[in-house]
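A.B. asks: Next input, structure requested:
(one chain, ligands or ions: 1)
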Amino acid sequence: METNESYKDYMVRATAASDQIRAFAVTSRNLVETARKAHNTSPIATAALGRLMSGTLMMGSMMENEKDLITVKIDGDGPLGGVLATANNKGQVKGYVNNGYVILPPNASGHLNVGGGIGKGTFTVIRDMGMKDPYVGQVPLYTGEIAEDFTYYFAQSQQTPSSVGLGVLMNHENTVREAGGFIVQLMPFADDAVISHLEDNLKKFTTVTDVLREGKSPEEMLEIVLDGFDIKWNGTMPVEWHCNCSKDRVARGLKLLGHKELDDIINDGKPIETKCHFCGKTYSFDIDELKSLLS
Ligand code: ZN
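C.D. replies: Sure, this is the predicted structure:
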């Protein structure tokens, strides 16, 4: 099976129809495969995480401040439990699935049943701008298939008509073959002719997974969605999996446990190991290190 190890993950941004449309597309195969390895996720969990990370990356690139962080958190009553991804506007993303080992039969159309794995629940966007209170927006899950949930969020919470397509294509041995997606948004001043032409294009568009299977690039994906419009390309940006965890950060987390809890751990007399949720890296703290956290 052909893999795209040599390809770089990247995102492309464009506008079309004299800025009445803005568009983003991403190819994210390598970073989704890195996440799969870090978490040892099942195919359905990889698909859920890969879709969410791809969408969150594109949303992250919409932020102007490079210190801002965007987190998209899906909580569902299905067996996957939940999925979370965090991105900045520099193309860096990380994420995890609550129950990453879940395996489910395919859905009626023979595809990975991400919607069934997630179930009913909420789609929450947390935008941390370095101030005391982050911005939080929440909508109910629409289908749990993730792309439709982004679309619904943009419509409900930001009043921005959008179309979002996300896909992850797996190899038979459960590695990631392709991953990516697009976001297309109509600006408030878009005229009716532009809207109906875009709608026609979207009706003709099959699925991101099909387009990825054909080996199409992000640019080619947008050329299909924006067929017949003048496209203005606004540059590409590399995207990557990136976890910024460190022993210091984990130590700060342990301090938050409070005096009593830490005292109890120290009195147990055993060193502890704690794992980063995002990348699975473990950090160990011996008794002396734990004691120093108390002072
Ligand atoms: Zn980490």
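A.B. asks: Any figure for the gap between Gly253 and Lys275?
C.D. replies: 11 Å (Cβ to Cβ, to the nearest Å). The C-beta positions use only the backbone N, C-alpha and C, and glycine is treated the same way.
A.B. asks: so where do the strands sit in the chain?
C.D. replies: 10-16, 21-27, 69-76, 82-87, 92-97, 121-128, 135-140, 162-170, 176-186, 231-238, 240-241, 272-275, 282-285 (DSSP state E).
A.B. asks: Listing partners with orientation, what would you give for the longest one?
C.D. replies: Think strand 176-186. strand 21-27 (antiparallel), strand 162-170 (antiparallel) (DSSP bridges).
A.B. asks: Please render those strands as TSV that adds mean pLDDT to the earlier fields.
C.D. replies: Listed next are those as TSV, based on pLDDT from 0 to 100:
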stretch	mean pLDDT
strand 21-27	98
strand 162-170	96
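A.B. asks: Nearest to Pro238 among the ones you listed would be which one?
C.D. replies: Counting by Cβ to Cβ, Pro238 lies closest to strand 21-27 out of the strands paired with strand 176-186; the figure is 10.6 Å.
A.B. asks: can I get the CA coordinates of the closest one in PDB?
C.D. replies: C-alpha atoms of strand 21-27 as PDB (Å, rounded to 0.1, in the frame of the first residue of the first chain):
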ATOM      1  CA  ILE A  21     -15.900  33.400   0.000                       C
ATOM      2  CA  ARG A  22     -13.000  32.400   2.200                       C
ATOM      3  CA  ALA A  23     -11.600  28.900   2.100                       C
ATOM      4  CA  PHE A  24      -9.200  26.700   3.900                       C
ATOM      5  CA  ALA A  25      -7.900  23.200   3.100                       C
ATOM      6  CA  VAL A  26      -5.500  20.900   4.800                       C
ATOM      7  CA  THR A  27      -3.600  17.700   4.200                       C
END
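A.B. asks: Now do the contacts for the closest residue to Cys243 other than its chain neighbours.
C.D. replies: Ranked by Cβ to Cβ, 6 or more residues apart in numbering and with sequence neighbours excluded, the top spatial neighbour of Cys243 is Cys279, at 3.8 Å. Shown here is Cys279, whose contacts under the criterion Cβ atoms under 8 Å, 6 or more residues apart in numbering are Ala38, Lys94, Cys243, Cys245.
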